[in-house]
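Undergrad: Sequence plus the predicted model coming up.
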Amino acid sequence: MNAPRPNDHDQASGPRPIVLYATMFGATELVAEQVALALQRELGTTVPCRDLAYLDLGVLADHDLLVVGLSTWNIGQLPSDMELRLPELAALDLNGKLLALFGTGDAVGYPDTYLDALEIVNDALIPTGVERIGAWPVAGYSFVESRAQRGDMFLGLGVDEDNEPELTEERVNAWTRKVLADYAETAPRVRLLAV
Ligand SMILES: Cc1cc2nc3c(=O)[nH]c(=O)nc-3n(C[C@H](O)[C@H](O)[C@H](O)COP(=O)(O)O)c2cc1C
């Protein structure tokens, strides 16, 4: 019999992540795949990566860590698939689950609305009872204004495939580790409150 590996996780206690994304032209899909792979490496388990446009939201019942990525579009707006599906997501009972957000944006072309869509999703999901983890430092990013900023942190990971694609892999890997550390710290309390 194989001894358990250090990365093996008890499926009953999680994390059981799923990566969901909304994209216009595919940049966020590529980043989502990197996030799913990084989670897989850390956890030693398969992590699904699904386009929100076609997702049966019933699958979320099997997951306690929702990793949601999207671009910001049309100057501070949601990509269209997220606009369509967000009301359904926002109507779910997500008590006991954790949410980690990541966003693609263009900090040079849209410096006053960089990653704004993260805030729209974050605010819409507050009534679901989901608890957000995975805040990420704004240090190292050049932008003027972002609705996704809280103090010296973003609501989640920001990547800029238009101007800094060479930084994406490193950012994704470091953020993924932070998400899992936040999960380990937060999940026991969230689960207790949800009972
Ligand atoms: C018309 C248009 C509007 C955009 N508006 C914003 C914006 O307000 N803020 C931002 O950070 N990025 C903005 N972007 C940049 C996109 O978010 C970025 O290119 C992203 O990587 C696209 O990802 P996607 O192909 O997954 O949708 C905009 C891009 C376009 C073409």
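TA: Here it is on my side, so go on. None of these values were measured; they are calculated from a predicted model. Residues are numbered from 1 along each chain as shown.

Undergrad: By mean pLDDT, point me to the weakest helix or strand of this structure.
TA: Every helix and strand of the chain was ranked by mean pLDDT, DSSP states H and E. The lowest is helix 168-194, at a mean of 95.

Undergrad: Show me which residues of the chain are close to the ligand?
TA: Residues of the chain lying near the ligand by C-beta under 6 Å from any ligand atom: 23-28, 71-76, 79, 104-106, 110, 113-116, 161-162. For glycine as for every other residue, the C-beta is placed from the backbone atoms N, C-alpha and C.

Undergrad: burial measure for the residue of the chain found nearest the ligand, as a count.
TA: Closest contact between the chain and the ligand, by C-beta to the nearest ligand atom, is at Gly105 (2.3 Å). Neighbour count for Gly105, taken as other C-beta atoms under 10 Å: 31.

Undergrad: And for Lys97?
TA: By other C-beta under 10 Å, 23 other residues sit near Lys97.

Undergrad: before we move on, could you check phi and psi at it?
TA: phi -110, psi 160 (degrees, to the nearest 10).

Undergrad: hmm, back to that, report the buried members of the residues of the chain next to the ligand.
TA: Among these, the ones that count as buried by 16 or more other C-beta atoms under 10 Å are 23-24, 27-28, 71-73, 76, 79, 104-106, 110, 113-116, 161.

Undergrad: where does the chain have low pLDDT?
TA: 1-13 (pLDDT under 70).
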